[in-house]
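**Q** I need the structure of the sequence given here:
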Amino acid sequence: MKADQGTSRAAAAAGAKAILIGEHFVAWGGTALALPLRGVRMKVQAQFLAGASRRYDVSPDHPSGTLRKAIMAARRRLRMPSGSYRVSWSSDFPLAAGLGASAAYCVALSRCMYQLMDAAFSDDDVAQLALDLERVFHGSPSGIDSTTIAFDSPCFIKTGDTFCTGLEVTRRGPLAGFIDVAPGATLVLADTGERRDTRLAMDHLAGFTRQRGGEQMIERLTALAETIALQTANALRKGDFDYVGMMVMENHRLLQALGLSTSRLDSLCSVAQSNGALGAKLTGAGLGGFVLSICYPDATKGLVRALRKAGSPQVIVQTTDDYN
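**A** Residues are numbered from 1 along each chain as shown. The predicted structure is shown next:
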């Protein structure tokens, strides 16, 4: 039923994502690599009532009202009719934990709104609308979260002026695209239980840049992060997961240098590395959230058990075999 007739209902879901390499550095011209987490979902249901007074209700809403504001933004962006919009959602993974919950909500909401319009849409349409809606949450998102979640595929994104791989001719950015990930490894993500708003991490980094020599430090770290990203993408394609693990740890050290890790994040990284992980790092904005580790399949059960014993309230497992 079209959104201008009677009552329409829609439902959609979207997965989470984990940034493997490059969070924050992507904002300064670096490259980020991200992988979808297909075992956890954000589910959204939407209802439109034509002829009703204009209302935007979401249950549960964020205290800031951002979830409701995203519905308003979607209606304006798609030029949908006035009326009453009601949205409810549930999630298998937590908000404010670095797994892209806001992007997942925006992706699922975008799919619902297109359904309410009875309009044909592609993953490209969803990715673009979700990125527009994410600006309600984060102001200037890089697009790595919404791109990875909308296409449900391993992705890269480059927000700087150039991007090059190997000896290819340099191309102008910003760019986003898919990366190849070989089978044969497992991602294990462990929740620290610490919750931090992304804006707190951004405010922390803004303060870092105002320190003497802060901008120069970030430039040097971004150059290192770019090398790590390109080498990791190549290792993922070849299935050299030992090397990927080394790069994951190097990326974590760069984020530590920016002051984005915590004692809890570092502790879970140590637990992972002592129990079969090839490498471990914080994933997402930092100052809390999840630790991402990578291991071979035969180490997965022991690693999960160790992380739960260390007090992680949720452990998520994603195999790279699932990307092939």
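
**Q** Within the helices and strands, which one has residue 293?
**A** Taking DSSP states H and E as the criterion, residue 293 maps to strand 290-295.

**Q** Following element in sequence after that strand, please.
**A** Per DSSP H and E, the first helix or strand lying C-terminal to strand 290-295 is helix 300-309.

**Q** who does that next one touch, helix- and strand-wise?
**A** Applying 3 or more C-beta pairs under 8 Å, 6 or more residues apart in numbering; DSSP states H and E, we find helix 300-309 packed against strand 186-191, helix 263-273, strand 290-295, strand 315-319. Where you see a C-beta, it was placed from the backbone N, CA and C, and this is true even at glycine.

**Q** at 7 Å what do you get?
**A** Contacts defined by 3 or more C-beta pairs under 7 Å, 6 or more residues apart in numbering; DSSP states H and E place helix 300-309 against strand 186-191, helix 263-273, strand 315-319.

**Q** tell me the most buried of the ones you listed?
**A** Per residue and on average, the most neighbours among the helices and strands packed on helix 300-309 fall to strand 186-191, with a mean of 25 (mean count of other C-beta atoms under 10 Å).

**Q** before we move on, the earlier item: would a markdown table of the helices and strands packed on helix 300-309 with mean pLDDT be doable?
**A** A markdown table is the format used below for these (pLDDT from 0 to 100):
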| stretch | mean pLDDT |
| --- | --- |
| strand 186-191 | 98 |
| helix 263-273 | 98 |
| strand 315-319 | 98 |
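
**Q** Export only the CA atoms of the strand holding residue 293, formatted as PDB.
**A** What follows is strand 290-295 as a C-alpha-only set of coordinates in PDB (Å, rounded to 0.1, in the frame of the first residue of the first chain):
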ATOM      1  CA  PHE A 290      34.100  -3.900  22.100                       C
ATOM      2  CA  VAL A 291      37.500  -5.600  21.600                       C
ATOM      3  CA  LEU A 292      37.900  -7.300  18.300                       C
ATOM      4  CA  SER A 293      40.300 -10.300  18.000                       C
ATOM      5  CA  ILE A 294      41.100 -12.600  15.100                       C
ATOM      6  CA  CYS A 295      42.100 -16.200  15.400                       C
END
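
**Q** Return the list of strands paired to that strand, each annotated with direction.
**A** Strand 290-295 has its sheet partners listed here by DSSP bridges as strand 186-191 (antiparallel), strand 279-283 (antiparallel).

**Q** Taking strand 315-319 as reference, get the angle to the longest one.
**A** Relative orientation of strand 186-191 and strand 315-319, computed by axes from the mean of the first three to the mean of the last three C-alpha atoms, to 10 degrees: 160 degrees.

**Q** Identify the residues contacting strand 186-191?
**A** The contact list for strand 186-191 (C-beta atoms under 7 Å, 6 or more residues apart in numbering) reads 18, 35, 94, 97, 268, 283, 290-295, 297, 300, 303-304, 307, 312-319.

**Q** wait, what's in contact with residue 144?
**A** 19, 26, 32, 34, 155, 157.

**Q** Go ahead and confirm the first one touches residue 36.
**A** No. The pair formed by residue 19 and residue 36 falls short of the contact definition of C-beta atoms under 7 Å, at 11.3 Å.

**Q** So these two - more neighbours on which side?
**A** Applying other C-beta atoms under 10 Å to residue 19 and residue 36 shows that residue 19 carries more neighbours, namely 27 against 22.

**Q** Could you measure from the closest residue to the more buried one other than its chain neighbours over to residue 249?
**A** Spatial nearest neighbour of residue 19, chain neighbours left out: residue 34 (4.8 Å); criterion: C-beta to C-beta, 6 or more residues apart in numbering. Distance of residue 34 to residue 249, given as C-beta to C-beta, to the nearest Å: 18 Å.

**Q** hmm, back to that, identify the residues contacting the strand holding residue 293?
**A** Against strand 290-295 from outside (C-beta under 7 Å, 6+ apart): 18, 20, 97-99, 185-192, 241, 244-245, 248, 265, 268-269, 272, 276-284, 303.

**Q** re the thing from before, more crowded one of residue 34 and residue 249?
**A** Legend: neighbour count by other C-beta under 10 Å for residue 34 and residue 249, higher for residue 34 (27 against 17).

**Q** Just read off the phi/psi values of the more buried one.
**A** Residue 34 has phi and psi values of phi -140, psi 150 when expressed as degrees, to the nearest 10.

**Q** can you pull the contacts of it?
**A** Shown in contact with residue 34 (C-beta under 7 Å, 6+ apart): 17-20, 144, 148, 155.

**Q** let's see 6 Å
**A** Residue 34 sits next to 17, 19, 144, 148, 155 when contact means C-beta atoms under 6 Å, 6 or more residues apart in numbering.

**Q** Make JSON lines out of those residues and add secondary structure and distance to residue 104.
**A** Output for those, formatted as JSON lines (DSSP: H, G, I helix; E, B strand; the rest coil; distance: C-beta to C-beta, whole Å):
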{"residue": "17", "secondary structure": "strand", "distance to residue 104": "8"}
{"residue": "19", "secondary structure": "strand", "distance to residue 104": "14"}
{"residue": "144", "secondary structure": "helix", "distance to residue 104": "13"}
{"residue": "148", "secondary structure": "helix", "distance to residue 104": "10"}
{"residue": "155", "secondary structure": "strand", "distance to residue 104": "14"}
